[in-house]
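Enquirer: structure, please.
(one chain, ligands or ions: 2)
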Amino acid sequence: MDQQFLHYVVPDSPAVDARMPALHKIDLITVRLPFVKPFSTSVHTWAVKEALLLRLESGGVVGWGECVADPDPYYASETTQTVRHIFKEFLLPLLTRGQTIGELLKRWSPVRGHGMAKAMVENALLDLIARQQSRPLHELLGLPARRIQSGISLGIQDSIPALLDAVAEAMSRPYHRVKLKIMQGKDVEWVRAVREAYPKLTLMADANGDYRLEHAALLRELDAFSLTMIEQPLSYSDIVQHAALQRELATPLCLDESIHDLDDARSALALKACRVINIKQGRVGGMIESLRIAALCQHAGIDVWSGGMDETGIGRAFNLQLQTAPGFTLPGDTSETARYFNEDIVEPAVVLADDGFIALPDGAGTGVAILEDRVARYTLAREQIR
Ligand code: OSB
Ligand code: MG
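Expert: Numbering: from 1, shown residues only. Ligands and ions are numbered 1, 2, ... in the order given. Down below sits the predicted model:
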């Protein structure tokens with residue numbers, strides 16, 4: 001085992017020194033936005049985006065966080081209900097004014113796991129603080145602005161011709177790379193068809209944990225298609241078996257579901273379980289933990305990218321801000337707004353420039369304006385907590 005990664009002391013973002021303002025109003029808002037098209041992984045199909053939003057108000061300034069948990073546990077074990085419970089019972093009582101963000105993160109470390117709940121709160125606080133200081137979020141995090149690479153994740157399709165149509169539609173926009181969802185029975189021939197139609201396309205596959213080590217020979221067939229990586233082929237909770245699989249494949253493996261925090265990333269690197277990590281800020285407990293993981297990976301010479309959870313424009317704006325960090329060398333799952341929703345709850349929408357890059361929105365905080373009338377239109381439930 002590579003001990004080096006276990007001992008590396010990761011530097012922290014200057015945002016840990018930011019101080020929490022008084023919170024005059026706290027709202028938990030459940031929104032439901034219809035997707036343009038249903039989205040399928042090997043596990044489940046989602047026809048709508050149902051998300052919990054946290055709205056924090058301090059002296060007329062409002063910060064917003066979006067939780068990536070679904071109402072169901074078909075991507076991860078947290079759900080909107082567990083997030084609501086953990087937030088109200090265990091995180092909310094710790095939100096006292098004057099402490100630094102770093103102190104808050106230490107105070108809530110006894111709350112085991114629940115990274116999605118923690119990310120929602122940290123998101124809203126960082127956005128609020130940055131907006132109060134009239135600074136963009138990346139600046140609060142100590143990161144210079146830059147344009148962001150784009151990528152698109154295509155869900156499981158009904159047939160190979162439908163997949164080829166979906167790829168053709170994606171390629172009508174200048175995305176930097178295409179990710180295909182795969183599952184048992186929809187893998188080698190499906191990837192082969194796309195590769196034959198597009199020999200030069202930057203292409204990868206994501207199995208959302210559908211395979212076991214006994215499928216190693218089948219997965220090795222994917223080595224023929226020069227994929228940039230295969231994401232989470234094995235169980236959502238595994239690290240060790242991915243290390244065994246990586247030794248048998250030429251294609252780099254990427255971990256998504258298995259990485260919940262910096263410690264998981266250390267384990268994965270020490271065991272050589274992957275050559276790439278998909279960092280979703282909403283999964284790993286927030287922006288600050290994401291930057292720690294990115295710094296560890298940079299030290300290890302491992303590429304990272306930002307995944308997505310089909311977020312509304314609020315969550316997507318955090319994913320954009322995160323990707324200003326230097327470790328994010330690969331295009332992520334950051335796609336145009338129009339690919340997810342006919343109408344979003346923020347402005348401006350994410351749109352690709354002619355060269356496929358995405359410009360950071362240039363307002364304070366996440367840079368996007370939250371359209372409260374649109375939020376209201378898509379609201380299922382609103383709970384004023386303070
Ligand atoms: O595994 O990366 C995943 C969406 C929902 C749940 C899990 C995943 C995804 C995606 C889409 O791949 C990412 C996006 O476009 O935001
Ligand atoms: Mg994934």
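Enquirer: closest residue of the stretch 251-386 of the chain to ligand 2?
Expert: In the stretch 251-386 of the chain, the residue that lies nearest ligand 2 is Asp256 (3.6 Å; Cβ to the ion). The C-beta positions use only the backbone N, C-alpha and C, and glycine is treated the same way.
Enquirer: isn't that residue up against Lys280?
Expert: Yes - counting by Cβ atoms under 8 Å, Asp256 does reach Lys280; the two are 7.2 Å apart.
Enquirer: who has more neighbours, those two?
Expert: In this view Asp256 and Lys280 are compared by other Cβ atoms under 10 Å, and Lys280 has more residues nearby, 27 against 23.
Enquirer: which bits of the stretch 151-300 of the chain sit near ligand 1?
Expert: Residues of the stretch 151-300 of the chain lying close to ligand 1 (Cβ under 6 Å from any ligand atom) are 153, 206, 208, 256.
Enquirer: closest to Leu125 out of the residues you listed?
Expert: Nearest to Leu125 out of these is Asp256 (Cβ to Cβ; 25.4 Å).
Enquirer: so what's the closest one up against?
Expert: Counting by Cβ atoms under 8 Å, 6 or more residues apart in numbering, Asp256 makes contact with 206, 208, 231-232, 278, 280, 283, 307.
Enquirer: just those residues that are near ligand 2?
Expert: 206, 231 (Cβ under 5 Å from the ion).
Enquirer: most widely separated two among the contacts of Asp256?
Expert: Pairwise over the contacts of Asp256, using Cβ to Cβ, the maximum falls at Asp206 and Arg283, 14.0 Å.
Enquirer: okay, the residues of the stretch 151-300 of the chain next to ligand 1 in a markdown table with distance to Leu95 next?
Expert: Formatted as a markdown table, those follow (distance: Cβ to Cβ, whole Å):
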| residue | distance to Leu95 |
| --- | --- |
| Ser153 | 34 |
| Asp206 | 35 |
| Asn208 | 34 |
| Asp256 | 29 |
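Enquirer: next step: those residues restricted to strands.
Expert: Counting by DSSP state E, these place 153, 206 in strands.
Enquirer: what residues are shared contacts of Asp256 and Lys280?
Expert: By Cβ under 8 Å, 6+ apart, the residues touching both Asp256 and Lys280 are Gly307.
Enquirer: and Trp305, what does it touch?
Expert: Contacts of Trp305 by Cβ under 8 Å, 6+ apart are 151, 276, 278-279, 323, 328-333.
Enquirer: apply 10 Å and report the result again.
Expert: By Cβ atoms under 10 Å, 6 or more residues apart in numbering, the residues touching Trp305 are 149, 151, 177, 204, 228-229, 231, 254, 276-280, 294, 323, 327-334.
Enquirer: sec struct for it, please.
Expert: Put simply, Trp305 is strand when judged by DSSP: H, G, I helix; E, B strand; the rest coil.
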